[in-house]
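Peer 1: All I have is the shape, not the residue letters:
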């Protein structure tokens, strides 16, 4: 798969319909790759937060905050 095909597949997986509608105009732009990366990272982070909230397990206490005495 070529770079533009990979980027288009990433945009499709992210459901970025506006971007896909104008794909022929913007595919060669330098900002497309960073945009896709940022969107993937943001969605992964939000997905993790959503799963943690849905699990009702609360926040984890870091080891450095435990009173070991």
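Peer 2: Structure received. Note that this is a predicted model, so its numbers are computed, not measured.
Peer 1: switch to C-alpha atoms for all contacts and neighbour counts from now on
Peer 2: OK.
Peer 1: and residue 17, what is it in contact with?
Peer 2: The contact partners of residue 17, taken as CA atoms under 8 Å, 6 or more residues apart in numbering, are residue 11.
Peer 1: distance between the helix or strand of the chain with the lowest mean pLDDT and the chain's centre?
Peer 2: Ranking every helix and strand in the chain by mean pLDDT, DSSP states H and E puts helix 3-13 at the bottom, with a mean of 92. The chain centroid and the centroid of helix 3-13 are separated by 14 Å under CA atoms, centre = their mean, to the nearest Å.
Peer 1: And the residue nearest the centre of the chain?
Peer 2: Most central in the chain under CA atoms, centre = their mean is residue 40, positioned 1.9 Å from the mean C-alpha point.
Peer 1: what helices or strands is the helix or strand encompassing it leaning on?
Peer 2: Applying DSSP states H and E as the criterion places residue 40 in helix 32-55. Packed against helix 32-55 by the contact rule (3 or more CA pairs under 8 Å, 6 or more residues apart in numbering; DSSP states H and E) you find helix 3-13.
Peer 1: After the helix it packs on, which helix or strand is next?
Peer 2: Following helix 3-13 toward the C-terminus (DSSP H and E): helix 17-21.
Peer 1: pLDDT on that next one, on average?
Peer 2: What helix 17-21 shows for mean pLDDT is 96.
Peer 1: Show the subsequent helix or strand relative to that helix.
Peer 2: Per DSSP H and E, the first helix or strand lying C-terminal to helix 17-21 is helix 23-26.
Peer 1: And for that next one, what's in contact with it?
Peer 2: By CA under 8 Å, 6+ apart, helix 23-26 touches 8, 19, 32.
Peer 1: any idea how far residue 27 is from the closest residue to residue 33 other than its chain neighbours?
Peer 2: Closest residue in space to residue 33, ignoring its immediate chain neighbours: residue 7 at 7.1 Å, by CA to CA, 6 or more residues apart in numbering. Computed as CA to CA, to the nearest Å, the residue 7 to residue 27 distance reads 8 Å.
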